[in-house]
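Trainee: have a look at this prediction, sequence included:
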Amino acid sequence: MHEALDLPEIRTLIGHFALRSSLPALCLVSRSFNESFTPLLYETMAIHTFASPPLDALQKNALHIRDLSCTLPFCSVPLNVAYPRLQRLELRGMSGPRIKFDQSAKISNQERLVRLIRSSCAHLKLITISGLWPSRKNLIWDAIAQCPQLEKLEVMNIKIEHEELGDPNAFWRACANASWLRLDSVMFMIDLNIPTVAMTSAAHRGEKKEHNETKGFFPKVRHLGLRIGDDLDTIKQLELMQQCSNMRSLDWAPPSRTFTSRACLEMIQSSGSDLLWPKLDTLYMSGKDIHDHDVATMLKSINCVIKLAAGYSGFSSGAFRALRPHFTTLKVLDLQNCLETDATMTQEILTKCPHLTLFYGRVIWMNDLIGDTPEGEIVKEHTENRLKPWVCPNLKSFEIGSVLVEGGLSLSTEELLRRKEVLLRRLQWLTCLQEYDRMCLQSHFTPQRQV
């Protein structure tokens, strides 16, 4: 047994299964254990309190740290160290009426932060910045823009203010360097123009052109998340999205005080093309402030929809008509808690979307669930659409908020139980099914009069 523990591969397996809280104790077992488990102990560092590891310990083990998360300005010690293999950096600022710091200390910390990003830029793939102080962030954006391996950039709870106008496009260049970009609660305190290739060329005449005019200012961005709200109006947000010509997925919460559909239609007309985003196939527009015509307009501007999440939105007949042309390509559909959807829509989706793998709906009739099985010939009055069998054998995840039982007001308990048994046999036909809402199938049966 002792000889087996001396094998590095055995200790590696132990490290993968051991709890993180057990790693310090394992490091103290022996010198060989220390060599094996110290890299795992320091691989991920999360420092969010005044208790920061000693500076010498961080410097000694900086080579092992690949994931660093800390809260500034309390945890400023990690900023004094270079991390040559750092891949993920998360920095969260802390401020408030009772938390006051000297301005020179803030500037000093930001300078050290810039040095940290530049010294680690060779391997950085993911950067999350939230709630940093407003002073001198342009230096941070410039450092992020120079990270060659950057894949994902998340910017949250940040103010873009007047004093950052030394280089108005520094923030946008940092955004353009990531293939996965998320802007959440970014407050623009200035009247900011969305950059274009033409603007960049005019500002840097004589320099090598970095962006092709046919690709927009953000050609690298493939996945865009915009949860800015009303701090940037609809036209500006659409202009930003228009510059992401290679965008494949969009998570968007439009401003609540503007008319998204009208603005989008005007943008499409001015572009001279029927499609603003030819490669876009994944759309997330969830939220109570999103209306039916908002979703419908966006669906009409997309060539091919593979994934759509519109939960808690006003998704209704208009958006459903716009979704119909995409039934043959649709794989993921989330209409959870869309109060305007009905059982007819649910049945049409299940009978006309052959590639569907995940579906979350609000309501369906019981006879639509069991209608195409021999045991399910209970009600003769079916519409043409409800007679058709399901065509989604690859369905893996299936959830319905409520199953309506036709004629349930007059059905006996034995009949209801028989229908549930038929339903469970029907689900066996979905051989790929891995997850479904068992509570829905067991208790959410709502008696209804026959329509």
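Mentor: Nice, I can see it. Numbers count the residues shown, from 1 in each chain.
Trainee: flag the shaky bits of the stretch 301-450 of the chain, pLDDT-wise.
Mentor: 371-388, 406-411, 435-450 (pLDDT under 70).
Trainee: give me the number of residues near Met189?
Mentor: When neighbours are defined as other Cβ atoms under 10 Å, Met189 has 13 of them. Any C-beta I mention is one placed from the backbone N, CA and C, and that applies to glycine too.
Trainee: wait, doesn't Ser402 sit right on Val363?
Mentor: Yes - with contacts counted by Cβ atoms under 8 Å, Ser402 reaches Val363, the gap being 4.8 Å.
Trainee: if you count what's nearby, which of those two comes out ahead?
Mentor: Neighbours were counted for Ser402 and for Val363 using other Cβ under 10 Å; Val363 has more, 21 against 14.
Trainee: tell me the secondary structure of the more buried one, please.
Mentor: strand (DSSP: H, G, I helix; E, B strand; the rest coil).
Trainee: residue contacts, it?
Mentor: 341-343, 346, 400-404 (Cβ atoms under 8 Å, 6 or more residues apart in numbering).
Trainee: hmm, 6 Å instead?
Mentor: 343, 402 (Cβ atoms under 6 Å, 6 or more residues apart in numbering).
Trainee: do Leu308 as well
Mentor: 283, 333 are the contacts of Leu308 under Cβ under 6 Å, 6+ apart.
Trainee: partner strands of the one helix or strand it maps to and their direction?
Mentor: Following DSSP states H and E, one finds Leu308 within strand 307-309. Strands that pair with strand 307-309, judged by DSSP bridges, come out as strand 282-284 (parallel), strand 332-334 (parallel).
Trainee: dump those strands into JSON lines; add mean neighbour count and distance to His355 as well.
Mentor: Below are the strands paired with strand 307-309 laid out as JSON lines (neighbours: other Cβ atoms under 10 Å; distance: least, Cβ to Cβ, whole Å):
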{"stretch": "strand 282-284", "mean neighbour count": "19", "distance to His355": "14"}
{"stretch": "strand 332-334", "mean neighbour count": "21", "distance to His355": "10"}
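Trainee: got CSV for these, with distance to Ser130 too?
Mentor: Below are the strands paired with strand 307-309 laid out as CSV (distance: least, Cβ to Cβ, whole Å):
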stretch, distance to Ser130
strand 282-284, 21
strand 332-334, 27
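Trainee: right, so of those strands, which gets closest to Asn177?
Mentor: Proximity to Asn177 (Cβ to Cβ) singles out strand 282-284 among those, at 21.6 Å.
Trainee: which other helices and strands does the helix or strand just after the closest one contact?
Mentor: Next along the chain after strand 282-284, taking DSSP H and E as the criterion, comes helix 292-300. If you count contacts as 3 or more Cβ pairs under 6 Å, 6 or more residues apart in numbering; DSSP states H and E, helix 292-300 packs onto helix 260-271, helix 317-323.
Trainee: run the chain-centre distance for helix 292-300.
Mentor: 20 Å (Cα atoms, centre = their mean, to the nearest Å).
Trainee: for that helix, what is the average pLDDT?
Mentor: In this model, helix 292-300 has a mean pLDDT of 87.
Trainee: what do you get for stretch 44-52?
Mentor: 72.
Trainee: how about stretch 186-196?
Mentor: 76.
Trainee: same check on stretch 142-149?
Mentor: 92.
Trainee: flag every buried residue along that stretch.
Mentor: 142-145, 147 (16 or more other Cβ atoms under 10 Å).
Trainee: cool, stretch 47-66 as well?
Mentor: For stretch 47-66, by 16+ other Cβ under 10 Å, it's 47, 52, 58, 61-62, 64-66.
Trainee: ok, stretch 415-429 next?
Mentor: 419-420, 422-423, 426.
Trainee: got the CA positions of it in CSV?
Mentor: Extracted in CSV, the C-alpha atoms of stretch 415-429 (Å, rounded to 0.1, in the frame of the first residue of the first chain):
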residue,chain,number,x,y,z
GLU,A,415,-60.0,6.7,-15.7
LEU,A,416,-57.5,9.4,-14.8
LEU,A,417,-55.1,6.8,-13.5
ARG,A,418,-55.5,4.8,-16.7
ARG,A,419,-54.6,7.8,-18.8
LYS,A,420,-51.5,8.5,-16.7
GLU,A,421,-50.4,4.9,-17.4
VAL,A,422,-50.9,5.4,-21.1
LEU,A,423,-48.9,8.6,-20.9
LEU,A,424,-46.0,6.9,-19.2
ARG,A,425,-46.0,4.1,-21.9
ARG,A,426,-46.0,6.9,-24.5
LEU,A,427,-42.9,8.4,-22.9
GLN,A,428,-41.1,5.0,-23.4
TRP,A,429,-41.1,5.7,-27.1
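Trainee: numbering from 51 from now on, please.
Mentor: Will do, 51 is the new start, and the previous item becomes stretch 465-479.
Trainee: what distance separates it from the centre of its chain?
Mentor: Per Cα atoms, centre = their mean, the centroid offset for stretch 465-479 relative to its chain is 36 Å.
Trainee: repeat for stretch 295-308
Mentor: 12 Å.
Trainee: report the buried residues of it.
Mentor: 295-305.
Trainee: which of the residues you listed fall within helices?
Mentor: Among the buried residues of stretch 295-308, none falls in helices (DSSP state H).
Trainee: between which two of the residues you listed is the distance greatest?
Mentor: Across the buried residues of stretch 295-308, the longest distance by Cβ to Cβ is 24.6 Å; it joins Asn296 and Pro305.
Trainee: how far away is Ser367 from Asp342?
Mentor: 7 Å (Cβ to Cβ, to the nearest Å).
Trainee: more neighbours: which of the two?
Mentor: When Ser367 and Asp342 are compared for neighbours, Asp342 comes out ahead with 20 against 13, by other Cβ under 10 Å.
Trainee: that one: what's it in contact with?
Mentor: 364, 366, 368-369.
Trainee: may I see these organised as JSON lines, with distance to Leu122 and neighbour count added?
Mentor: Shown next, in JSON lines, are these (distance: Cβ to Cβ, whole Å; neighbours: other Cβ atoms under 10 Å):
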{"residue": "Gly364", "distance to Leu122": "40", "neighbour count": "20"}
{"residue": "Ser366", "distance to Leu122": "45", "neighbour count": "19"}
{"residue": "Gly368", "distance to Leu122": "47", "neighbour count": "20"}
{"residue": "Ala369", "distance to Leu122": "43", "neighbour count": "29"}
